[in-house]
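I'd like to go over a predicted model; first the sequence, then the structure.
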Protein chains: 2
Amino acid sequence: MLKYPDLDSLFRALADPTRRALVERLSHAPATVGELARPFDMSLAAIMQHLQLLEGAGIVATEKLGRVRTCRLEPGSMDTLAAWIEARRHPSERKLDRLA
Amino acid sequence: MLKYPDLDSLFRALADPTRRALVERLSHAPATVGELARPFDMSLAAIMQHLQLLEGAGIVATEKLGRVRTCRLEPGSMDTLAAWIEARRHPSERKLDRLA
């Protein structure tokens, strides 16, 4: 059986609409915490908490330059999830994929 | 933007190792609740609770015939997750996929 790095925290991190919206935004390009927070009706502290959870799960990486923290998606983190899901799809779907 | 059926409950349902193990087992073939419970050091009631959560998220379907409840994976439920993840992967990875 394949070993997957902490699937619990990956799935848990994405089980929240704000965190998924942050990931969606970062899937286009890196952004500062301020830029990420702008569209949300939420305190900067709350956004930071969501980002910390995404960082802890290995989905987002952040870097601080002076007073500005920039966030980006961590390449490969989604692969783990995609591989687990693909291996667990309904057998008939996998069969159809092979025929296609 | 694509609309996804309740991603919160899909991700939350899979953020637990017991529930992922149940999905793994069902990805091979349907099984009764008793068969599913056997490998776990857990009460039948606890397994039933996990199954109810998976059923609520639309991942598992169950059917009762007489006294026996049989569970199977719900075809298509994983597609929703796979599509969301694929669309949010790191841009450089998507570019590589297109080149391949």
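Okay, I see it. Numbers count the residues shown, from 1 in each chain, chains lettered A, B, ... in the order given.

Which of the helices and strands in chain A ranks last by mean pLDDT?
The weakest-scoring helix or strand in chain A, judged by mean pLDDT, DSSP states H and E, is helix A:91-99 (a mean of 58).

which SS class is A:E63?
Three-state call for A:E63 (DSSP: H, G, I helix; E, B strand; the rest coil): strand.

isn't it right next to A:E55, touching?
No - taking contacts as Cβ atoms under 8 Å, A:E63 lies outside contact range of A:E55: 10.9 Å. (Each C-beta comes from the backbone N, C-alpha and C, glycine too.)

So between those two, which is more surrounded?
Comparing A:E63 with A:E55 by neighbour count (other Cβ atoms under 10 Å in any protein chain shown), the higher total belongs to A:E55, at 16 against 10.

could you say which helix or strand contains the more buried one?
Using DSSP states H and E, A:E55 maps to helix A:44-56.

Quick one: list the elements packing against that helix.
Using 3 or more Cβ pairs under 8 Å, 6 or more residues apart in numbering or on different chains; DSSP states H and E as the contact test, the elements touching helix A:44-56 are helix A:7-13, helix A:17-28, helix A:33-37, strand A:60-65.

Could you list the buried residues of that helix?
For helix A:44-56, the neighbour count (16 or more other Cβ atoms under 10 Å in any protein chain shown) marks A:47-48, A:50-51, A:53-55 as buried.

Dump stretch A:59-66 to CSV, keeping only the CA atoms.
C-alpha atoms of stretch A:59-66 as CSV (Å, rounded to 0.1, in the frame of the first residue of the first chain):
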residue,chain,number,x,y,z
ILE,A,59,-0.6,23.1,1.0
VAL,A,60,0.7,26.7,1.2
ALA,A,61,4.2,28.1,1.7
THR,A,62,4.9,31.6,3.0
GLU,A,63,8.0,33.8,3.0
LYS,A,64,8.5,37.1,4.8
LEU,A,65,10.5,39.8,3.2
GLY,A,66,10.7,42.9,5.4
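
taking the mean pLDDT, what do you get for it?
Predicted confidence along stretch A:59-66 averages 94 (mean pLDDT).

does chain B sit close to that stretch?
No - in terms of Cβ under 8 Å from any Cβ of the partner chain, no part of stretch A:59-66 sits within range of chain B; the closest distance is 9.3 Å.

number of nearby residues for the residue lying closest to A:L14 once chain neighbours are set aside?
Spatial nearest neighbour of A:L14, excluding adjacent residues (Cβ to Cβ, 6 or more residues apart in numbering or on different chains): B:F11 at 4.6 Å. Other residues near B:F11 come to 23 when the count uses other Cβ under 10 Å.
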